[in-house]
Structures are given as C-alpha cells and as structure tokens.
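Chemist: Quick one, structure for this:
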Amino acid sequence: MTASGFASFVQRHKTELIIFSGALLIRVLYVVLIQAVSGAHGFISHADAYFFYYRAALNLLEHHVLSIAEMAPYYPDAYHTPLYALFLAGLIALKVPLGGVVLVQSVFSSLTAVLAYRIGIILSRRAWIGVFAAVLVALEPMSLYWNGLLMSDVLFGFLLTVSYYLLITGRYRISAVALGLSALTRPIMLYLAPVFFLAMVFGEFRRERTFWENSARTLASFAIFVAIIFPWFVHNKITSDTWAFTSAGWYEIYVAPLQEFTKRYGYEVPDVETLGASDFSRFNFSYSSRYRDVALPLIIQHPIQYGLTHLSRSARSVVTNRYEYLVNVVIKSQVPSLYERFSSIFSLLLVVGWLFWIIVYLLCAVAFFEKDIRIWWFFLAGLFLINILLSGGINPGGAEMSRYMLGLHAFFFAFAGVGVQVISRWRNSFNE
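Modeler: As a prediction, this is how the structure comes out:
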C-alpha cells in the first residue's frame with residue numbers, strides 16, 4: 001500500500017481506528033495489571049481456564065490428542081468443541097507467553113467494538129449510535145475480565161458478532177463460515193444457527209424472486225455451515241461411537257436445573273456415579289446416557305414443574321447482577337485492602353451495574369417501535385431467548401451469564417442506542 005493509499009485508508013476509517021485503538025489500549029493496560037498483580041498464573045486463575053482450555057492445549061501439544069484428562073489415558077474431550085484449544089495450542093507452540101495470548105484475544109475484543117460501531121450505524125443511520133454501542137462494548141467491565149482469561153468466550157463472542165454483521169450486510173456465505181467456526185468454539189451455536197438461516201430465508205424472499213433464486217444463497221450458506229462442523233461429528237463418531245456434537249447437554253441438565261427441581265419439589269434423584277471430582281472422564285459420552293436416564297423420566301413425569309424450574313432459572317439469569325463476582329470474588333481476593341476501604345462504594349457500584357443492564361434491556365424493548373429494523377429486533381430476540389433458555393436455564397449466576405452474553409453485546413448496545421433515538425423522537429412529538 002502506498003503512502004497516499006494508507007493516508008486515504010486512515011482518513012476513511014478514522015473513527016474505526018480510534019475505537020479499535022482505544023479498546024485495545026484499555027485491554028493492554030488490564031493485561032499489564034494482571035501480570036503485575038498475579039503473574040502469568042492470573043491468566044489461568046479461573047478453574048475453567050486452567051482445567052479445560054489450558055490443559056486441553058497442553059495435551060494437544062504434548063500427547064497429540066484433544067483431551068482435558070490430567071493423566072493417561074488421555075481420552076478425547078467430549079464436552080468442548082475444538083477451535084479454542086487449537087487456537088491456544090498454536091500460540092503456545094509459537095512460544096507466545098500467556099499474557100501474549102490474552103493480547104491476541106484483546107485484538108478480537110477490540111474488533112468486536114469496531115463491529116458494534118458498524119452495526120449501530122447500519123441499524124440507525126446515526127454515527128453517534130454506532131459510537132455509543134462501540135464505547136459500551138469497549139468498556140463493559142465483565143468483558144474486560146473475561147478477556148483477561150484463557151477461555152473461549154471472547155473468541156466465540158467475536159465470531160458470533162462477525163456472523164451477524166455479515167448477515168445484516170447481506171454476505172450470507174461468509175456469515176456461514178463465521179457461524180461454523182463459532183460452533184466449533186462453543187456448541188451452543190448449533191441452537192442459535194436456525195435463527196440465522198431463518199433470517200436469510202426471510203431476507204431472500206423480500207427480494208421477490210423465484211423460489212430457487214430465493215433459496216440458493218441460503219442453501220449454499222447452510223451447506224458451508226454443515227461442511228465446517230461435520231468433521232467434529234465424524235471425530236466423535238470415530239473416538240466415541242456417537243454422532244453427537246457435545247456431551248454437555250444431559251450433564252448440564254443433571255447437575256444444575258434438575259438438582260434445583262428435585263430439591264424444590266421434594267423428589268429423589270439417583271446419584272450418578274463418576275470417577276471422582278478431579279477426574280474429568282465424567283464429561284465423556286459414556287456418561288451422557290446415565291445423566292439422561294436419570295433426568296429424562298423425571299422430567300417426563302413432571303413436565304410443568306420442571307419447566308417452571310428451568311424457566312425461573314432463565315428469568316433470574318436476565319436480572320442477576322453480573323458484577324457481584326467481579327467485586328466479591330476477584331477484587332476481594334486480589335486486593336482485600338482496597339475492598340475493605342471502599343466496600344460501600346463497591347456496593348453502590350453493584351446497584352449501578354444492575355440498573356445499567358435493566359436500562360439496556362428496556363431501551364432494547366423500546367427499539368421495537370423502530371419499524372425499519374424490526375426484523376433485526378426479532379432476530380436479536382430469537383438469539384437472546386434461545387441463549388437464555390439454554391445457558392441461562394443451566395447457569396443462572398451473574399458471572400457465568402456475562403460470559404454467555406458477550407456475543408450479543410454489539411447488538412444489545414446498538415439497539416439500546418436506537419431505543420434512545422425512539423424516545424427522543426417521542427419527546428419531540430409530544431413537545432410539538
């Protein structure tokens with residue numbers, strides 16, 4: 001690229017470059033802080049980061065198998081899909097330190113802020129809404145926290161954001177590539193993907209062409225998605241004699257909502273034996289049938305009671321305070337003197353954080369009245385409801401749900417900006 005071409009590029013994308021640089025700078029400073037306070041261990045201090053992702057990467061490099069086992073036999077990991085472990089193993093193989101890995105993640109996270117800016121402009125045709133969404137994505141505290149850990153959530157959030165940015169800009173086939181890669185990062189994308197393909201079908205039929213013309217791009221996109229995820233099905237068939245994508249489903253239902261359900265209504269549930277709390281073989285496909293055989297009959301016998309339990313967990317996950325973990329666990333354990341000195345301020349900040357998300361949800365609801373983008377409002381609603389019913393129903397805790405919402409931040413904050421615009425228009429009409 002020539003100097004004049006570079007200058008022209010910078011001029012055209014000045015706002016995007018400022019957003020990216022600002023978001024990246026914040027994350028770099030956070031990485032430096034972690035390194036100074038906790039050393040390299042700080043990047044794998046969360047149990048999932050160490051036991052699942054870091055160990056899987058090391059086993060891949062040292063034993064040439066995707067496994068989360070602590071010792072031989074290194075049975076294949078049935079719980080997670082492989083992309084993040086491959087990403088992490090590749091960087092470790094290149095001798096990138098753990099802080100360097102997080103810096104690479106920070107690039108993805110900063111690009112997500114740029115995409116939020118673009119999405120905000122597409123939805124609203126207002127530059128300020130794009131900036132509004134980007135700034136919130138860049139500054140949201142829990143996204144900074146998860147970015148500082150070797151976990152799949154930042155990569156998944158980036159790929160999910162890429163996939164719907166490409167979708168709303170009409171690039172269906174490339175969107176399907178991002179969809180497939182995101183499914184190989186977190187299995188929940190299998191459940192979110194139908195919303196994407198429905199949006200593709202709807203978008204094509206609005207063009208008022210023939211059936212085959214309308215269907216061709218969607219079918220091609222679906223084929224691309226299947227081609228990307230199918231090898232993992234084959235892998236599981238070869239290694240575990242099952243066509244399942246992950247073993248997480250029945251395990252998660254058994255250990256979380258089923259336990260609350262049985263405790264709430266006084267039912268007894270058999271204890272599924274595992275090989276010990278430190279042995280991750282309990283995630284194997286061989287155990288899936290045990291969890292299913294315990295949970296499914298009870299759910300079938302009492303579908304309404306179980307459904308109410310699951311839905312109540314999902315509902316709690318929407319309003320629970322995501323920042324309690326950050327304050328009461330992370331800050332309290334790492335800098336106890338700071339926590340003790342400013343405990344009342346931290347308590348106030350928790351209330352502010354809770355109100356912040358309530359306001360975001362309300363503004364997103366108001367955005368429904370912007371008719372021109374209502375199709376994308378329904379699209380976000382579909383992703384949100386599926387995510388809450390699955391992730392929220394299984395993990396209603398605030399910290400966990402902040403992980404599982406990262407991929408929706410760009411849409412949430414863009415629609416919140418649209419909600420502000422709608423309210424402003426209503427106010428102007430009332431004043432007239």
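
Chemist: what's the nearest residue to N387 if we skip its chain neighbours?
Modeler: Y404 (6.2 Å; Cβ to Cβ, 6 or more residues apart in numbering). C-beta here means a position set from N, CA and C on the backbone, and glycine is covered the same way.

Chemist: which of the residues in the helix ranked longest in the chain are buried?
Modeler: In the chain, with assignment by DSSP state H, the single longest helix is helix 211-240. Buried residues in helix 211-240, counted by 16 or more other Cβ atoms under 10 Å: 214-215, 217-218, 221-222, 224-225, 228-229, 232, 236, 239-240.

Chemist: quick check, nearest of those residues to L88?
Modeler: Closest approach to L88 among the buried residues of helix 211-240 (Cβ to Cβ): W232, at 17.0 Å.

Chemist: So which of the buried residues of helix 211-240 is the closest to Y291?
Modeler: S240 (15.0 Å).

Chemist: Sketch out the low-pLDDT regions of the stretch 101-250 of the chain for me.
Modeler: 208-214 (pLDDT under 70).

Chemist: Strands along that one, start to end?
Modeler: Assigned by DSSP state E, counting those that start in this stretch, the stretch 101-250 of the chain shows no strands.

Chemist: which one is Y165 nearest to, not counting chain neighbours?
Modeler: Ranked by Cβ to Cβ, 6+ apart and with sequence neighbours excluded, the top spatial neighbour of Y165 is L115, at 4.9 Å.

Chemist: Identify each of the helices in the stretch 101-250 of the chain and give its residue range.
Modeler: 127-139, 141-147, 153-168, 172-183, 189-205, 211-240, 248-255 (DSSP state H, counting those that start in this stretch).

Chemist: Between these, which one is closest to I92.
Modeler: So among the helices of the stretch 101-250 of the chain, helix 153-168 is nearest, using Cβ to Cβ, at 15.0 Å.

Chemist: tilt between the closest one and helix 189-205?
Modeler: 10 degrees (axes from the mean of the first three to the mean of the last three Cα atoms, to 10 degrees).

Chemist: Check which helices and strands helix 153-168 is in contact with.
Modeler: On a contact count with 3 or more Cβ pairs under 8 Å, 6 or more residues apart in numbering; DSSP states H and E, helix 153-168 meets helix 83-93, helix 98-124, helix 141-147, helix 172-183, helix 189-205, helix 374-387, helix 409-431.

Chemist: Format those helices as JSON lines; extra columns: distance to S67 and mean neighbour count.
Modeler: Formatted as JSON lines, these follow (distance: least, Cβ to Cβ, whole Å; neighbours: other Cβ atoms under 10 Å):
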{"stretch": "helix 83-93", "distance to S67": "9", "mean neighbour count": "20"}
{"stretch": "helix 98-124", "distance to S67": "20", "mean neighbour count": "22"}
{"stretch": "helix 141-147", "distance to S67": "24", "mean neighbour count": "21"}
{"stretch": "helix 172-183", "distance to S67": "20", "mean neighbour count": "23"}
{"stretch": "helix 189-205", "distance to S67": "22", "mean neighbour count": "18"}
{"stretch": "helix 374-387", "distance to S67": "28", "mean neighbour count": "18"}
{"stretch": "helix 409-431", "distance to S67": "32", "mean neighbour count": "19"}
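
Chemist: want to throw the ones you listed into TSV with distance to A69?
Modeler: Below are the helices and strands packed on helix 153-168 laid out as TSV (distance: least, Cβ to Cβ, whole Å):
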stretch	distance to A69
helix 83-93	13
helix 98-124	21
helix 141-147	25
helix 172-183	24
helix 189-205	25
helix 374-387	30
helix 409-431	34
